[in-house]
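# When you get a sec, could you give me coordinates for this:
(chains A and B)
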Amino acid sequence: AQSVTQLGSHVSVSEGALVLLRCNYSSSVPPYLFWYVQYPNQGLQLLLKYTTGATLVKGINGFEAEFKKSETSFHLTKPSAHMSDAAEYFCAVSTTGGTSYGKLTFGQGTILTVHP
Amino acid sequence: EAGVAQSPRYKIIEKRQSVAFWCNPISGHATLYWYQQILGQGPKLLIQFQNNGVVDDSQLPKDRFSAERLKGVDSTLKIQPAKLEDSAVYLCASSSSPAPRLDTQYFGPGTRLTVL
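Next up, the predicted model:
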């Protein structure tokens, strides 16, 4: 079975500061990993994903994440926070085979607050 | 390109009543997912369709939940009878295929259900 743990249900940063949202996963097979963002009253939007190849993945809105197999981590970062980044962020892992191929298992989410 | 459409956006019912949600995926998307998102948690997959066939419904409470995808396009999710613990946001997502390396799941805005 696969699982995702997001460390910290709430993260608060100042505008212009580094954003770091932590995600650790558990998977018995090489995982596909995702970060989604959810703005209030909206659906989830894909920020970035890791499937194969380069372990540093760049996404939309200046976010990036690094897949570290030895640490089973996929932390999300952004060098400089903007007020518009305030939202809830979800890390997810996907099954890569079997009858549940494509199924996403999500972490519990991290709410990012950005202060002026 | 139109996104995933869901209706209604909000629904309030009393326990033991019935409710139905509707989803229209992105045109041409063969794979459709229903997720349940309880407040403070990440989305949990309820059911996955490939065209009009069910791929995974292992986490669907089949004694009260049912879903169908007629003609492989629109889908409905029904709860009968509803319980208090069914209060959640129900998200519909679609993708061209279930292959996460190749395709992205696109999410609708969700239906917020409150059971009183």
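
# quick one: contacts for the residue nearest the centre of chain A?
For chain A, A:Trp35 is the residue whose C-alpha lies nearest the centre (Cα atoms, centre = their mean; 3.1 Å). A:Trp35 makes contacts with A:21, A:23, A:46-49, A:59, A:63, A:65, A:74, A:76, A:89-92, as judged by Cβ atoms under 8 Å, 6 or more residues apart in numbering or on different chains. Placement of C-beta: from N, CA and C, glycine included.

# next one: A:Gln6
By Cβ under 8 Å, 6+ apart, the neighbours of A:Gln6 are A:Leu21, A:Arg22, A:Cys23, A:Tyr89, A:Phe90, A:Cys91, A:Gly107, A:Gln108, A:Gly109, A:Thr110.

# Return the residues of chain B in contact with chain A.
Residues of chain B lying close to chain A by Cβ under 8 Å from any Cβ of the partner chain are B:3-4, B:31, B:33, B:40-45, B:48, B:55-56, B:58, B:91, B:93, B:95, B:97-101, B:104-110.

# chain center to stretch A:77-91: distance?
Centroid displacement of stretch A:77-91 relative to its chain, using Cα atoms, centre = their mean, to the nearest Å, is 10 Å.

# If you could redo that for stretch A:52-68, that was the one I meant.
Centroid separation for stretch A:52-68 versus its chain: 10 Å, with Cα atoms, centre = their mean.

# Flag every buried residue along it.
A:Val57, A:Gly59, A:Phe63, A:Glu64, A:Ala65, A:Phe67 (16 or more other Cβ atoms under 10 Å in any protein chain shown).

# quick one, phi/psi of residue 33?
Unless you meant another one, I'm taking chain A. Main-chain torsions, A:Leu33, degrees, to the nearest 10: phi -120, psi 150.

# My guess is it contacts A:Ser26. True?
No. Applying Cβ atoms under 8 Å, one finds A:Leu33 not in contact with A:Ser26, separated by 11.7 Å.

# Thank you, goodbye.
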